[in-house]
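>>> please work out how this folds:
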Amino acid sequence: MVAALGMLSFIVVLAIIGLIVGLIARLLVPGRDNIGLLGTILLGIAGSFVGYFLQRLVEGRTMNFQHFHSTGILGSIIGAIVVLLILRATGLERGRSRRRV
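Next up, the predicted model:
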């Protein structure tokens, strides 16, 4: 019971931080994004992982997937901006139609 409660609180905190990071990234990158609330949360979570990867790449350290590491709020926002720009460049955002040439 205690382990389930700990996992539930981890998921709630992850969702809240993902929402905050995703909202900040969407505010910093101009343009309209039709990804919704869940997409914003997932953008923030994915941005945290991308930010961690970029931090390790810049520092020249090896990747360690044994434990969960956070990059901090700034690294997460930078990672979320990178993910958002990739989504825009590939046209994989929800609600955006793909144009055929």
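>>> which elements pack onto the longest helix along the chain?
Longest helix of the chain, by residue count under DSSP state H: helix 2-28. Helix 2-28 is packed against helix 36-59, helix 72-90, with contacts defined by 3 or more CB pairs under 8 Å, 6 or more residues apart in numbering; DSSP states H and E. To be clear about C-beta, it is placed using only N, CA and C from the backbone, and glycine gets the same treatment.
>>> mind putting those in a markdown table, mean pLDDT included?
Conversion of the helices and strands packed on helix 2-28 to a markdown table gives the following (pLDDT from 0 to 100):
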| stretch | mean pLDDT |
| --- | --- |
| helix 36-59 | 88 |
| helix 72-90 | 90 |
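>>> just give the closest residue to Leu85, not the sequence neighbours.
Val29 (6.8 Å; CB to CB, 6 or more residues apart in numbering).
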